[in-house]
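Peer 1: For reference, the sequence and a predicted model appear below.
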Amino acid sequence: MSTHFQSNTPIKRPQLLKVPEVAQLLNVKPRTIYEMVAQHRIPYRKPPGTNILRFDLDEIMAWTRGENNK
């Protein structure tokens, strides 16, 4: 027996940014972004077992508005 799910609503995938892109968006140097990550002052994602940093655009925009400080 198989179950099929159908939805007309597309799944929204987060737009993930890299350090240089976030730095440009916030008008700071990439080093500042790394410092903010180290101090847990900015929302970020780091896949387990990697040193890769990614930033969800929606989370960053909410953070800049003070809606979701991490």
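Peer 2: Structure's in. What do you need?
Peer 1: So what's the residue count around Ile33?
Peer 2: 25 (other C-beta atoms under 10 Å). Placement of C-beta: from N, CA and C, glycine included.
Peer 1: hang on, it packs against Ile42?
Peer 2: Yes: shown here, Ile33 and Ile42 form a contact pair, counting by C-beta atoms under 8 Å, at 6.9 Å.
Peer 1: any common contacting residues for the two?
Peer 2: Val22 (C-beta atoms under 8 Å, 6 or more residues apart in numbering).
Peer 1: Distance check, Pro30 against Gln24.
Peer 2: 9 Å (C-beta to C-beta, to the nearest Å).
Peer 1: Could I get the contacting residues of Leu57?
Peer 2: 14-17.
Peer 1: Now do Ser7, the pLDDT please.
Peer 2: For Ser7, the pLDDT comes out at 66.
Peer 1: And Ser2, by the same measure?
Peer 2: The predicted local confidence for Ser2 is 63.
Peer 1: what about stretch 45-60, average pLDDT?
Peer 2: 94.
Peer 1: Put the alpha carbons of that stretch into PDB.
Peer 2: C-alpha atoms of stretch 45-60 as PDB (Å, rounded to 0.1, in the frame of the first residue of the first chain):
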ATOM      1  CA  ARG A  45      23.200  27.500  10.300                       C
ATOM      2  CA  LYS A  46      26.000  25.100  10.300                       C
ATOM      3  CA  PRO A  47      25.400  21.600   9.000                       C
ATOM      4  CA  PRO A  48      26.600  18.900  11.400                       C
ATOM      5  CA  GLY A  49      30.100  17.800  10.900                       C
ATOM      6  CA  THR A  50      31.100  20.800   8.800                       C
ATOM      7  CA  ASN A  51      32.600  24.200   9.100                       C
ATOM      8  CA  ILE A  52      30.200  25.600   6.500                       C
ATOM      9  CA  LEU A  53      28.200  28.700   7.600                       C
ATOM     10  CA  ARG A  54      24.900  29.600   6.000                       C
ATOM     11  CA  PHE A  55      22.400  32.300   6.800                       C
ATOM     12  CA  ASP A  56      18.700  32.100   6.100                       C
ATOM     13  CA  LEU A  57      17.700  35.400   4.400                       C
ATOM     14  CA  ASP A  58      14.300  35.500   6.100                       C
ATOM     15  CA  GLU A  59      16.000  35.000   9.500                       C
ATOM     16  CA  ILE A  60      18.600  37.700   8.800                       C
END
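Peer 1: Fine by me, thanks again.
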